[in-house]
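[1] Kindly return the folded structure for what I paste below:
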Amino acid sequence: MHDRTALIEMRIERFIRERLAGAVYRSRQPLTVSAWEAPGEPVTFAEAQDATYRPFAIGTPWGRAWGTTWFAVSGEVPADWRDSSGELPAGTVAELVIDLGFTAGQSGFQCEALVWNREGAPIKGVSPFNNATPAAIDAEGRVDVLVEAASNPDVGSLFTFEPTPVGDPATAGDAPLYTLRDISIGLRDLVVWELLQDFRLLHGLIAELDATSARRATLLEAMDAAIDAIDPHDVAGTASAGRDVLAPLMAAPAASSAHVLHAVGHAHIDSAWLWPVRETARKVSRTFSNVLSLMDEDPEFVFASSSAQQFAWMKEHYPALWERLKARVAEGRFVPVGGMWVESDTNMVGGEAMARQFVEGKTFFLDEFGIDTEEVWLPDSFGYSGALPQIMKAAGARWFLTQKISWNETNRIPHHTFRWEGIDGSRIFTHFPPVDKYNSEVTAADLAHAERNFADKGRARTSLLPYGFGDGGGGPTREMTATIARTHSLEGAPIVKHSTPREFFETAEAEYADPAVWAGELYLEFHRGTYTSQLRTKQGNRRSEHLLREAELWAATATVRTGADYPAETFQRLWRLVLLQQFHDILPGTSIAWVHRDAERNYEAIAAELEQVIADSLRALVGHGDCVVTANAAPHRRAGTPALAIAPTTPAGDVAPRAEGEGWVLDNGIVRAEVDGRGLITSLVDVASGREVVPAGQVAGQFEVFRDTPTQWDAWDIDETYRRHATALEAADRVAVDGNAILVERTVGDSAIVQRVALAEGSRAVRLSLDVDWHEQQKLLKLRVPVDVHTDRAASEIQFGHIVRPTHTNTSWDSARFETAAHRWVRVAESDFGVAVTNDSTYGHDITRHERETGGTYSLVRLSIIRSAMFPDPGQDQGAHHLEVGIVVGADVVDAVAEGYRTNLPARVVADAAGESVAPLVTIDEPGVVVEAIKLAQDGSGDVVVRLYEALGQRAHARLEAGFEISGVVETDLLEREVDVAAVSGVSGGVAQLDLRPFQLVTLRLKR
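    Okay, the predicted model is just below:
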């Protein structure tokens, strides 16, 4: 038999393109269109309804960048489409079809629209691959709707990473971006449409089958025959004949051992990214409208959506849509998942903030729907902290889903279904969808890849398929659900079924009772620049987290001690705003300029409001007088002030620099630091042991500038090749004594760096205060601290503990981990001596090992201070920044933790207090057990909630004593629901005995 495969494939492709796709609509009827351009930001439906509209012709340009144009659309189904009884031809449906002038870019990254009825209820969204709206035509065949069209610019959906001005409304320009192509009624032929879905699926299946397979040959011949059965000049009249030819092929069942895909509709809507937060709320409305419309058409379709914040926007701004949504949630087809306020970053979010993501998210879903979400849904965050399993379990979660680790550049995680173990030993059932994407279009290629790629074959055969247009929203389409209907059992394909996340996880757990275990963080070997990009956003987050800690502590203390009102509603509102800005494209610094400027303004407002709460609470506690008191919100004693208390003391002052040779010496009897005439630290000595920190031939506190031109994903990535192009800054413009600090001024390119080196009395930490006025682009600024310890590992603070990572490069896994995230401190050490480096602003670090001049090795700690990528924000990190860094000499882990808090949580001095001490609400007798939060209970009972953790990575026995009268101590989960006792070994009066495992997180309710 002659091989005609290539010719048949060409024939199929052309038939689909030229005959089938063009025959879906039997006829089109143009509609009457008029338009009104909203003058500024988006407006409400009521305002648009009352606006003055002007005629608008097809082919007319419209829409400035980030603008909104409302189109009034009217008309009716032509009479000649109907029979004598007024019915449309059998097998057809009339629908509104809109082409706003869509470009070749992706869905969700360009213009899109929401169709409203005249009563002010959303009907359905419109986007490039989902632009038909059947429900816009009433029973009499009339159309009378408003179309809210957003002229969002395509910032970069083709991902060439070229700098663009359109991410900032100030530079985006006013020229129209799009040209209206079509607004009409289309008469869709349902048989032709179904035939098109048959052809597309089988054509895709042919491409995935082995070239020698009998099934592939059969499909080719049958599709060739189906084309013969269809008259190219009367596709509508002969489409049924073509479907009849294909019917036996579509009925052939899947293999009994075929992989099973649980298809869950999804739309992963980034809460901000290449569009501002305000546009995300509209994207959610369009997507949810699409989903609800598709549910009306397809009774099998199920959709899952995360991020309580996005549901909250619908409740606030789209009441009609909210009511439809609630009905589908009650039905079980619109499924809230994830239990978080947003799909946040997990590398940089602080411990308490990570807990509040779940508190606010799960509480919202419980209050609004009565649903306790048990799965954590983070498909797109840039790596996953080793603390996350314990936090998830403490929130009541059972399962975790992500797929982002499939983006690894070097190594592949060896499982798709496994148990993930966190730093404390908590384990959670975890799944990576082997389709390797969270926005599958349910193509034959996607289905085949999921089956081939599944790493746990032989032990399991089930995986989850998240499908639907995502990132910019859109969600599933009828074409996607049509493929699912055809692949419920189809020879040559995996078995695909509509499902929910819960159904999938329960099935997977039952099928795979003893999966493999992955211990430690899920490090993403990609997007390492996200630990550093957009410094102001990161500083705003860090400062907000610590201000919220302070404000809740002092407000709770004031309520208990004085009866002052506790501003619970203020705290919830501010927490929710902070949590929103921890979204995985905001905090990582990978959004357009508009997003980050909004975040910076929000952080300023948050700080102002929290400073007022703190001031009011402290005033209620200390009164007015002539005494000076110190308020210590940290979990460790400072300069005579107990942890979490107020006392009539003042913080220690700095020692005065002493000139010596060509430089200066700072010496407080604990640490001796020498700074040379270049402003570089040449010696750091632990006085008691005589141990020198700075290796021979090295200097500390030195800046290095690197070329920073990643291969792709500019704001996201630091490539390992940056190390090849380093410039160490040695010469200083000026070095002088300024008060009790050594002042060092430097220039690099067009930028200026001012560094102050100081040492406080009684402290182990040499402080480096940095003021950087940055005007470089595509440069990376790092601060180096070489430490003369021989070790092959480093400890880095993460949420509720720390993680120990290798600093050698023995394996490809170690080598790929060349930039890592840490919170307030990192530490390198030998068994009896260590040094910690603290910071108040940044998260990126690289820690490496180098050969000493006299043998052995030393460790080099470098903090990534500033990057200046040009996409998606060409102005990233330009301007003035202030940072605080500490080098803690002779630090054990207790010192590292305490200095990390000291750097980020300065003591507050009240100079006009009455002078009385204020005892802490709780005291802990074990320095390795850290109080992370003190607040009043969510339920308004007035009970005091204490969240604490074991910080050293060892077992601990601690005594917690309440500083007020209590009636009991109850262990709870993060949502303050009572749980079985895990840490409290005994309670007597106001004292609780605690027995903690390494890094254990505990939440206690102290009943008043």
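[2] how close does Ala79 sit to Val93?
    For Ala79, the distance to Val93 equals 17 Å [C-beta to C-beta, to the nearest Å]. Every C-beta, even on glycine, is put in place using the N, C-alpha and C of the backbone.
[3] pretty sure Asp667 contacts Ala656?
    No. Asp667 is beyond contact range of Ala656, at 9.8 Å (criterion: C-beta atoms under 8 Å).
[4] more neighbours, these two?
    Asp667 (17 against 14; other C-beta atoms under 10 Å).
[5] In this structure, which residue is most central in space?
    His584 (2.1 Å; C-alpha atoms, centre = their mean).
[6] Surely Arg379 is within a helix?
    Arg isn't right for residue 379; it's Pro. No. Counting by DSSP: H, G, I helix; E, B strand; the rest coil, Pro379 falls outside a helix, being coil.
[7] That one against Tyr438, yeah?
    Yes. Here Pro379 reaches Tyr438: they are 3.7 Å apart, a contact under C-beta under 8 Å.
[8] any common contacting residues for these two?
    Shared contacts of Pro379 and Tyr438, defined by C-beta atoms under 8 Å, 6 or more residues apart in numbering, are found at His268, Gln403, Pro466.
[9] So which of those residues is the closest to Leu975?
    Minimum distance to Leu975 across these is 25.3 Å, recorded for His268 (C-beta to C-beta).
[10] would you list every one of the helices in the stretch 1-150 of the chain?
    Using DSSP state H, counting those that start in this stretch, the helices of the stretch 1-150 of the chain run over 5-14, 21-23, 45-49.
[11] Between those helices, which one is closest to Glu950.
    Short answer: helix 45-49, nearest of those by C-beta to C-beta, at 53.6 Å.
[12] quick one: buried residues of that closest one?
    Phe45, Ala48 (16 or more other C-beta atoms under 10 Å).
[13] Residues touching that helix, excluding its own?
    With C-beta under 8 Å, 6+ apart, helix 45-49 has contacts from Trp36, Ala38, Trp70, Trp116, Arg118, Gly120, Leu146, Glu148.
[14] which stretches of the stretch 701-850 of the chain form helices?
    Under DSSP H, counting those that start in this stretch, the stretch 701-850 of the chain gives helices at 812-816.
[15] Tell me the pLDDT of Met1.
    Here, the pLDDT recorded for Met1 equals 63.
[16] Begin at 635, not 1, for the rest of this chat.
    Sounds good: first residue 635 from here, last item Met635.
[17] returning to that earlier point: compare Pro1013 and Tyr1072 (neighbour count), which wins?
    When Pro1013 and Tyr1072 are compared for neighbours, Tyr1072 comes out ahead with 25 against 21, by other C-beta under 10 Å.
[18] could I get whichever helix or strand Phe999 is part of in PDB with only the CA atoms?
    Under the criterion of DSSP states H and E, Phe999 resides in helix 985-1003. What follows is helix 985-1003, C-alpha atoms only, in PDB (Å, rounded to 0.1, in the frame of the first residue of the first chain):
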ATOM      1  CA  GLY A 985       5.400  33.600  59.000                       C
ATOM      2  CA  GLU A 986       2.500  35.400  60.500                       C
ATOM      3  CA  ALA A 987       1.400  36.800  57.200                       C
ATOM      4  CA  MET A 988       1.500  33.300  55.600                       C
ATOM      5  CA  ALA A 989      -0.800  32.200  58.400                       C
ATOM      6  CA  ARG A 990      -3.100  35.100  57.800                       C
ATOM      7  CA  GLN A 991      -3.400  34.200  54.100                       C
ATOM      8  CA  PHE A 992      -5.200  31.100  55.300                       C
ATOM      9  CA  VAL A 993      -7.100  32.700  58.100                       C
ATOM     10  CA  GLU A 994      -8.600  35.400  55.900                       C
ATOM     11  CA  GLY A 995      -9.100  33.100  52.900                       C
ATOM     12  CA  LYS A 996     -10.700  30.200  54.700                       C
ATOM     13  CA  THR A 997     -12.800  32.400  56.900                       C
ATOM     14  CA  PHE A 998     -14.200  34.200  53.900                       C
ATOM     15  CA  PHE A 999     -15.200  30.900  52.200                       C
ATOM     16  CA  LEU A1000     -16.600  29.600  55.500                       C
ATOM     17  CA  ASP A1001     -18.700  32.700  56.100                       C
ATOM     18  CA  GLU A1002     -20.000  33.100  52.500                       C
ATOM     19  CA  PHE A1003     -20.400  29.500  51.400                       C
END
